[in-house]
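Q: no FASTA, just this:
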């Protein structure tokens with residue numbers, strides 16, 4: 001497993017959070033060089049020598065002439081006629097908290113800000129009129145210009161995905177409430193966020209790489225974050241079973257009840273307890289926030305009116321909240337939402353007790369499926385396909401019989417089931433005989449789905465959990481040629497469990513306590529909310545960082 005990094009520790013190739021960029025010094029321990037001119041954009045990285053001195057251990061030289069005067073007078077406005085200004089535009093102020101470096105940017109061009117974006121004052125812009133009841137939150141907007149920047153410049157720089165050139169901002173937003181600011185509506189609960197995990201869908205949203213098919217079922221700008229652990233701050237009228245101080249896991253999906261529909265008008269999915277597929281998510285209201293109808297949206301984190309967990313405070317309907325057992329620490333409890341995805345899939349996939357199962361994927365969803373299989377009593381063989389050593393180790397600790405790497409090791413695993421390989425005149429080899437009766441694809445790209453289709457045994461089941469979207473040139477031959485069943489699952493809901501009906505979160509809590517599995521070790525990195533850009537960078541570059549689950553803590 002990679003060493004758990006506390007915020008601010010060194011270990012990745014990035015500019016430091018403080019120190020003069022032209023001095024070669026860094027309080028983060030990263031030693032780097034640049035020209036003495038602020039216009040310079042060519043950086044040379046070197047091995048850290050001394051955390052608070054120059055690269056050779058000498059005291060850092062002073063800033064360039066005139067820099068002190070510039071700092072005292074404020075930054076020089078950017079002069080580019082085509083790009084946004086470096087210093088806050090009208091209606092905004094620079095953030096008062098350190099994101100990279102609290103000093104203003106000395107660059108005179110937006111190109112300097114883009115290159116030195118890690119320390120530029122544009123790293124956070126906050127509305128001036130936030131008011132006394134505002135809370136700090138991470139807000140994202142969907143715009144055509146943001147789409148173009150993310151899909152073009154985003155290939156060259158993270159700045160266009162979750163940096164200064166993106167549509168992501170740490171801002172002061174109005175205190176969440178439904179009747180009026182500070183006044184909770186009937187059935188609602190005020191929450192202080194304790195922690196919120198970064199999900200792959202968050203990264204897909206920021207990069208505009210997710211399918212546009214679900215766009216009508218969200219509303220923006222929105223405070224992101226849906227893997228939420230919170231503490232009850234206050235309860236509104238009519239709420240029972242919850243009290244201030246309780247830790248709760250928040251189910252982010254919005255039901256017909258939450259939207260304000262009378263019981264007789266609930267959609268079939270919500271009546272069946274499958275609210276992750278609510279059929280009225282694209283409609284407004286009829287619930288109201290102030291003088292307007294509740295905006296469309298399937299889930300918190302992608303909803304204009306109901307903020308997600310990347311903020312200091314939020315509100316939720318009492319039906320969304322599930323008290324966390326005292327036996328679970330915060331680091332384990334924050335995993336409730338992604339682990340419940342695995343519980344929901346395992347309980348509904350049609351698992352047979354003695355069959356061989358293949359789980360494709362290395363992330364928290366794949367690990368959650370492995371744990372859920374064992375926690376619910378499966379005793380057969382589980383083959384986990386992972387890419388890196390620490391992922392294979394975690395899969396084995398959670399119950400995988402064996403872990404294999406993609407390629408030769410994985411091929412040997414399917415051959416071991418009795419399959420025979422054949423080489424067509426064109427394309428990759430195919431297999432016949434043997435195979436895995438049940439395959440969980442927790443990746444959801446063209447490569448993983450192609451493998452799953454070819455390695456599932458005749459009349460077997462392929463479970464899609466990897467948020468697959470548009471996949472060009474996908475060969476579906478074996479879907480019909482092997483008479484396969486393909487199932488997709490999303491989120492969580494109310495399950496049949498031990499003779500009754502229990503929510504996926506409740507089952508997850510119970511099994512976490514009962515198994516004592518080392519799932520807390522899935523949380524490899526935690527960051528304060530103000531360091532969100534570093535957090536997203538670590539999550540997006542998990543192959544380099546070794547991240548499994550990255551968590552933000554307000």
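A: Good, I have the coordinates. Predicted model, so just to flag it, every value in this text is computed and none were measured.
Q: For the rest of this, base every contact and every neighbour count on C-alpha atoms.
A: Fine.
Q: got a list of what the closest residue to residue 528 other than its chain neighbours touches?
A: Distance criterion CA to CA, 6 or more residues apart in numbering; nearest residue to residue 528, sequence neighbours excluded, is residue 553 at 4.8 Å. When contacts are counted by CA atoms under 8 Å, 6 or more residues apart in numbering, residue 553 touches 193, 194, 195, 196, 526, 527, 528, 529.
Q: which non-adjacent residue is nearest the third one?
A: Spelled out, that is residue 195. Excluding its sequence neighbours, the residue lying closest to residue 195 (CA to CA, 6+ apart) is residue 553, at 4.5 Å.
Q: again, but for residue 209
A: Excluding the flanking residues, the one nearest residue 209 by CA to CA, 6+ apart is residue 151, at 7.8 Å.
Q: counting contacts, what elements does the helix or strand that neighbour falls within pack onto?
A: Using DSSP states H and E, residue 151 falls within helix 144-152. Contacts defined by 3 or more CA pairs under 8 Å, 6 or more residues apart in numbering; DSSP states H and E place helix 144-152 against helix 159-162.
Q: Check which helices and strands the helix it packs on sits against.
A: By 3+ CA pairs under 8 Å, 6+ apart, helix 159-162 packs against helix 144-152.
Q: to the chain's geometric centre, what's the distance from the helix it packs on?
A: 20 Å (CA atoms, centre = their mean, to the nearest Å).
Q: Please apply the same query to stretch 522-539.
A: Chain-centre distance of stretch 522-539: 10 Å, with CA atoms, centre = their mean.
Q: Next: stretch 484-492.
A: With CA atoms, centre = their mean, you get 21 Å for stretch 484-492.
Q: Now do it, average pLDDT.
A: In this model, stretch 484-492 has an average pLDDT of 96.
Q: Show the end-to-end separation of that stretch, please.
A: End-to-end distance for stretch 484-492: 24 Å, by CA to CA, to the nearest Å.
Q: Okay, buried residues for that stretch please.
A: Residues of stretch 484-492 classed as buried by neighbour count (16 or more other CA atoms under 10 Å): 484, 489, 490, 491, 492.
Q: same check, this time on stretch 284-302
A: Buried residues in stretch 284-302 (16+ other CA under 10 Å): 284-289, 293-302.
Q: Check stretch 497-509 too.
A: Per 16+ other CA under 10 Å, stretch 497-509 contains these buried residues: 503, 504, 505, 506, 507, 508, 509.
Q: and of those residues, the nearest to residue 306?
A: Comparing the buried residues of stretch 497-509 against residue 306 with CA to CA picks out residue 505 as the nearest, at 20.4 Å.
Q: Looks to me like that closest one is in a helix.
A: Yes - the assignment for residue 505 is a helix, going by DSSP: H, G, I helix; E, B strand; the rest coil.
Q: Excluding sequence neighbours, find me the nearest residue to it.
A: Per CA to CA, 6+ apart, closest to residue 505 is residue 340, 5.9 Å.
Q: ok, now which ones touch the one you found?
A: By CA under 8 Å, 6+ apart, the neighbours of residue 340 are 368, 491, 492, 504, 505, 508.
Q: Would you tell me which one of these comes nearest to residue 264?
A: Residue 264 has its nearest neighbour among the contacts of residue 340 in residue 492, at 22.7 Å by CA to CA.
Q: ok, now how distant is that closest one from residue 274?
A: In this view, residue 492 and residue 274 are 7 Å apart by CA to CA.
Q: coming back round to it: show me which of the buried residues of stretch 497-509 is closest to residue 407.
A: Among the buried residues of stretch 497-509, residue 508 lies closest to residue 407 (CA to CA), at 33.3 Å.
Q: so when I look at that closest one, I'm seeing a helix, right?
A: Yes - counting by three-state DSSP, residue 508 is found in a helix.
Q: quick one: pLDDT of it?
A: The model's pLDDT for residue 508 equals 99.
Q: Same question for residue 1.
A: Per-residue pLDDT puts residue 1 at 46.
Q: same check, this time on residue 89
A: Looking at residue 89, its pLDDT is 36.
Q: What residues of the helix holding residue 151 count as buried?
A: Taking 16+ other CA under 10 Å as the criterion, helix 144-152 shows 146, 147, 149, 150 as buried.
Q: So residue 218 is in contact with residue 302, correct?
A: Yes - counting by CA atoms under 8 Å, residue 218 touches residue 302, with 5.3 Å between them.
Q: What helix or strand is residue 543 located in?
A: Using DSSP H and E, residue 543 falls in helix 542-545.
Q: That helix - contacts with which helices or strands?
A: The contact analysis (3+ CA pairs under 8 Å, 6+ apart) places helix 542-545 against no helix or strand.
Q: Check the model's average confidence along the helix or strand following it for me.
A: Using DSSP H and E, the helix or strand that follows helix 542-545 towards the C-terminus is strand 549-553. Across strand 549-553, the average pLDDT comes to 98.
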